[in-house]
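In: one predicted model, sequence on top.
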Amino acid sequence: MRSDKKPVQLISPEGLRVDGRRPDELRPTRIEVGILKNADGSALIEQGKNKIIVAVYGPRELHPKHLALPDRAIVRCRYHMVPFSVPERKSPAPTRREIELSKVIREALEPAIILEAFPRTTIDIFIEVLQADGGTRTASITAASVALADAGIPMRDLVTAVAVGKVNGTLVLDLNHLEDQYGEADMPVAMMPSLGQITLLQADGILTIDEFKKALELAMKGIKQLYEIQKVALKEKYKPLAQELKR
Amino acid sequence: MSKPEEIIPKLKKETMLSLLDRGERIDGRGLTEFRDIKIETNIIERAEGSALVSIGNTMVIAGIKANIGTPFSDTPDEGVQIVHAELIPLASPVFEPGPPGEEDVELSRVVDRVIRSAKALNLKKLALIPGRRVWYIYIDIYALNHDGNLIDASALAAIAALMTAKIPKVQITNNEVKILEEKEPLPIEDLPVTVTFAKVSDKLIVDPTYEEELVMDARITFGINGKGEICTIQKGLKGTFTLDEVLYAANVARELASKLRDLLIKAKESSKE
Amino acid sequence: MPIFFRSGSIVTPGDIIAEGSYKAGTGISRSDNKFMALYMGIVKIDPDGTINVIPFKNIYIPKVGDIVVGKIRDVGVTSWLVDINSPYPGVLLISEALSKPIDVTKIDLRDYLDIGDVIVAKVIEFDLLRDPMLTIKESRLGKVTQGLLLEFQPSLVYTVLEKRLKLIELIKKKIKCDIIVGKNGRVVILGAQEKLNQLIRILTMIFQDFSPGSTIRIKSYIERL
């Protein structure tokens, strides 16, 4: 039950990646909206082998009351991986990585939410990674913004995210776990696509300024495709309703 | 962790009680009827085993991970079984974030006892080098949507995940364990199931919904193995049961258990396709 | 003056509905001359050029004058705290519940309304800085002592699908019962003991089932009552 071994070639001579993708290709992505009945909004995302479920509760009353803000809602976010989501069983207790990710994911989603509409309340976002395969924070953000829209929370725009990286000197879109672990750079990006605003940007590894510029362009390309997938998933859920309304 | 429950409006409670007097429940079920049950296995391919179970709107996921480690000193020739269940805030507005509370722990331990007493997982066959190397089997259970009866859903998910799990074959040479590529099923020798009853004003109802749990005075769970024997009992909450009630429940549980087991076997068949 | 999504289209947050000299109605955020949707919902463009988006999922924010069905959540010394299915709990002062002045030191509020009691109330005051104030002193308001309470997500039934609410009038004509519909997604059924299960199913469909043909099915179930 060791971690996956380093593959012989991360990029083949034909320029294909370990899973057969071209450098600018996203993994197959599917989003299901409203999968949980108790939550106010929910979404399940499957991106490659990633399987992540998000529940949104709120806006709702906040206890203890002194944590509330008088003029806007607060957002609380919990990113957690279930023990069987990774090759080596992970202890259920929150790790420092999960704590950092909970914060950056929250900060990626907050700019999109009209918090002033609900003073003195909290909007709680719960993310559970059921199976992990690289890029879980960006997949979580993509799913969470769908769950927020499903909950009827007013938003300036959806938030869409993807990770770009460098593998054997080549810039690649939507890193899987192997590329994340054995590549030379990893840069997750989140945006509000209609507004052209970046809400999350992190990197580790090494990128020249030229690579950075190209990596951002590659990320925009992936984000544009994922934005359509988010919209289609949301509209699918309500298509029968729209038909019924026309009568 | 669970915080003090939501208030059920008196009107609803009264309606539920008067329906019960007529032998009816709000969702139209009979007193000893389960809601619709769905079992899906092997949904988390990177785990050794997994299952997603829905009982009505209650949804629970279980995952199996296996590891090789040193056995406990008091059981040197047995593998180790560890059950961990969590009631996460994702599943209900009444669950709070934080370390496991007493309900999470009770759930973990009841499911563990069901599997252990029925010897569903043959721990002796999981010893690779007695005294030195054994399999650790982790059964992690997460509630995804709480609409009552998490115990039965969790036990069903755990057993379904175990029965369809695959662990690597091993080769033992010179007191060293070598993990091979080929996989084999876990040594599963029984399929125990649980049936939970809620006592609501002197009526015993099977598979309570969340709202029925809000009005129950007491709860009792029976674990039944493949031979129809009782392998676990857990009574909960501060109400009480008479001897007759307990015997009645045990017999109903034995009847319903065989139907639940049929569902498990059907799920196992369809997972092979 | 382009319109990208006509009335009746489904939009998601961030969709640019129109560009030009229109007016921003509900559910819209405006930046320069771009009108963008704030919600997942349906576009409604008024004859005067006001662009609105009606959200599919309505979070109930109380408005003065709303009739709501509440559950007593907590009993204080001079008031009750009421769950009205909103992020903002309602407050019911003694003076808005009882018509005679009383001595708070001599009585226990629980004798009048206890935790779990259901009330039909009216919102008399609300600004987002403080919790909404309720009253039960007017006629047709007060404690509901018998009947069944159903809870639904406050939904399109109150906005785009108001004709569904007329179906409830049909039910009341068919069988002897009273159905009180709160603006906060809660419904109280009074009477109708024998047909209770059928009523629960029909009302659940009215509020939650929008699948194709559902309106016709609902009407036929009502006919068969």
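Out: Arrived safely, thanks for sending.
In: count the residues that sit near the residue of the stretch 101-250 of chain B found nearest chain A.
Out: Of the stretch 101-250 of chain B, the residue with the smallest distance to chain A, taken as CB to the nearest CB, is residue B:140 at 4.3 Å. Where you see a C-beta, it was placed from the backbone N, CA and C, and this is true even at glycine. By other CB atoms under 10 Å in any protein chain shown, 26 other residues sit near residue B:140.
In: my guess is it meets residue A:81, correct?
Out: No: proximity of residue B:140 to residue A:81 does not meet the contact threshold set by CB atoms under 8 Å, at 10.9 Å.
In: just the element for the residue of the stretch 101-250 of chain B closest to chain A, please.
Out: Remark: residue B:140 resides in strand B:133-145, with elements defined by DSSP states H and E.
In: measure how the helix or strand following that strand sits relative to strand B:133-145, angle-wise.
Out: The helix or strand immediately downstream of strand B:133-145 is helix B:150-163, counting by DSSP H and E. Direction vectors for helix B:150-163 and strand B:133-145, defined by axes from the mean of the first three to the mean of the last three CA atoms, to 10 degrees, enclose an angle of 140 degrees.
In: so which elements touch helix B:150-163?
Out: Packing contacts for helix B:150-163, counted by 3 or more CB pairs under 8 Å, 6 or more residues apart in numbering or on different chains; DSSP states H and E, involve strand B:37-41, strand B:49-55, strand B:58-69, helix B:102-117, strand B:133-145, strand B:193-200, strand B:218-224, helix B:243-272.
In: which sections of the chain are below the confidence cut-off?
Out: You didn't pick a chain, so chain A it is. Using pLDDT under 70 as the threshold, the predicted model of chain A has low-confidence ranges A:1-4, A:245-247.
In: wrong one, chain B
Out: Applying pLDDT under 70 to chain B picks out residues B:1-7, B:273.
In: write out the residues of it neighbouring chain A.
Out: B:43-48, B:50, B:57, B:59, B:61, B:63-68, B:84, B:86, B:88-93, B:97, B:99-100, B:138, B:140, B:142, B:144-147, B:179 (CB under 8 Å from any CB of the partner chain).
In: and the closest residue in space to the residue of the stretch 101-250 of chain B closest to chain A that isn't next to it in sequence, what does it touch?
Out: Excluding its sequence neighbours, the residue lying closest to residue B:140 (CB to CB, 6 or more residues apart in numbering or on different chains) is residue A:83, at 4.3 Å. When contacts are counted by CB atoms under 8 Å, 6 or more residues apart in numbering or on different chains, residue A:83 is found next to A:89-92, B:63, B:65, B:84, B:138, B:140.
In: what's the most distant pair in those residues?
Out: A:91 and B:63 (13.7 Å; CB to CB).
In: residue A:123 pairs with what?
Out: When bridges are assigned using DSSP bridges, the partners listed for residue A:123 are residue A:75.
In: distance of it relative to residue C:127?
Out: As defined by CB to CB, to the nearest Å, residue A:123 lies at a distance of 21 Å from residue C:127.
In: between those two, who's got more neighbours?
Out: Summary of the neighbour comparison: residue A:123 and residue C:127, criterion other CB under 10 Å, with residue A:123 having more neighbours (27 against 8).
In: so which residues on chain B come close to chain C?
Out: B:7-15, B:19, B:24, B:26, B:28.
In: quick one: residue C:28 and residue C:39 touch, right?
Out: No: contact criterion CB under 8 Å: residue C:28 and residue C:39 do not qualify, at 9.2 Å.
In: tell me, what's touching these two both at once?
Out: Residues touching both residue C:28 and residue C:39 comprise residue C:53, with contact defined as CB under 8 Å, 6+ apart.
In: quick one, which of the two is more surrounded?
Out: residue C:39 (25 against 21).
In: which one is that one nearest to, not counting chain neighbours?
Out: On the basis of CB to CB, 6+ apart, the spatially nearest residue to residue C:39 that is not a chain neighbour turns out to be residue C:55, at 3.7 Å.
In: now do residue B:183
Out: Once flanking residues are discounted, residue B:183 sits nearest to residue B:166: 4.1 Å by CB to CB, 6+ apart.
In: and the gap between the one you found and residue B:125?
Out: Residue B:166 sits 15 Å away from residue B:125 when distances are taken as CB to CB.
In: in the stretch 1-150 of chain B, which residue sits nearest chain A?
Out: Distance from chain A to each residue of the stretch 1-150 of chain B (CB to the nearest CB) is smallest for residue B:63, at 2.8 Å.
In: re earlier: of the residues of chain B next to chain C, keep whichever come out buried.
Out: In the residues of chain B next to chain C, burial by neighbour count holds for B:7-15, B:19, B:24, B:26, counting by 16 or more other CB atoms under 10 Å in any protein chain shown.
In: taking those residues together, which two end up most distant?
Out: Across these, no pair lies farther apart than B:7 and B:24, at 23.5 Å, counting by CB to CB.
In: if I pick the most centrally placed residue in chain B, what's in contact with it?
Out: Compute the mean C-alpha point of chain B, and by CA atoms, centre = their mean the closest residue is residue B:155, 1.1 Å away. When contacts are counted by CB under 8 Å, 6+ apart, residue B:155 touches B:110-111, B:114, B:192-194, B:223.
In: again, but for residue B:63
Out: Contacts of residue B:63 by CB under 8 Å, 6+ apart are A:82-85, A:130, B:44, B:47, B:49-50, B:139-140, B:161.
In: most neighbours among these, which one?
Out: For the contacts of residue B:63, neighbours tallied by other CB under 10 Å; top is residue B:161, 30 neighbours.
In: quick one: contacts for that residue?
Out: Residue B:161 makes contact with B:41, B:49-51, B:62-64, B:139, according to CB under 8 Å, 6+ apart.
In: now residue A:92, nearest residue through space, not along the chain?
Out: Distance criterion CB to CB, 6+ apart; nearest residue to residue A:92, sequence neighbours excluded, is residue A:83 at 5.5 Å.
In: and the one you found, how far from residue B:92?
Out: As for residue A:83, its distance to residue B:92 is 21 Å (criterion: CB to CB).
In: do a quick rundown of the helices in chain C.
Out: Secondary structure of chain C by DSSP state H: the helices cover C:162-174, C:196-208, C:214-223.
In: ok, which of these comes nearest residue B:79?
Out: The nearest among the helices of chain C, by CB to CB, is helix C:196-208 at 48.0 Å.
In: how far does the closest one sit from its chain's centre?
Out: Distance of helix C:196-208 from its chain centroid, counting by CA atoms, centre = their mean, to the nearest Å, is 16 Å.
In: same thing with stretch C:138-149?
Out: Taking CA atoms, centre = their mean, one finds the center of stretch C:138-149 at 16 Å from the center of the full chain.
In: what comes into contact with it?
Out: Taking contacts as CB under 8 Å, 6+ apart, the residues outside stretch C:138-149 that touch it are B:9, B:11-12, B:14-15, C:67, C:69, C:71, C:113, C:117-122, C:135-136, C:180, C:186-191, C:196, C:200.
In: now swap in stretch C:92-107 and tell me
Out: Looking at stretch C:92-107 with CB under 8 Å, 6+ apart, the contacting residues turn out to be C:70, C:77-80, C:82, C:109, C:112-113, C:119, C:121, C:124, C:133-137.
In: which bits of chain C sit near chain A?
Out: Residues of chain C found near chain A (CB under 8 Å from any CB) are C:8, C:10, C:12-16, C:27, C:29, C:36, C:38-40, C:42, C:55-59, C:61, C:87-89, C:128-129, C:156, C:160-161, C:210-215.
In: in contact with the residue of chain A found nearest chain B, which residues?
Out: Relative to chain B, the nearest point of chain A is residue A:84 (2.8 Å; CB to the nearest CB). Listed by CB under 8 Å, 6+ apart, the contact set of residue A:84 reads B:44, B:46-48, B:50, B:63-65, B:138, B:140.
In: before we move on, what about residue A:65?
Out: Residue A:65 makes contact with residue A:120 under the criterion CB under 8 Å, 6+ apart.
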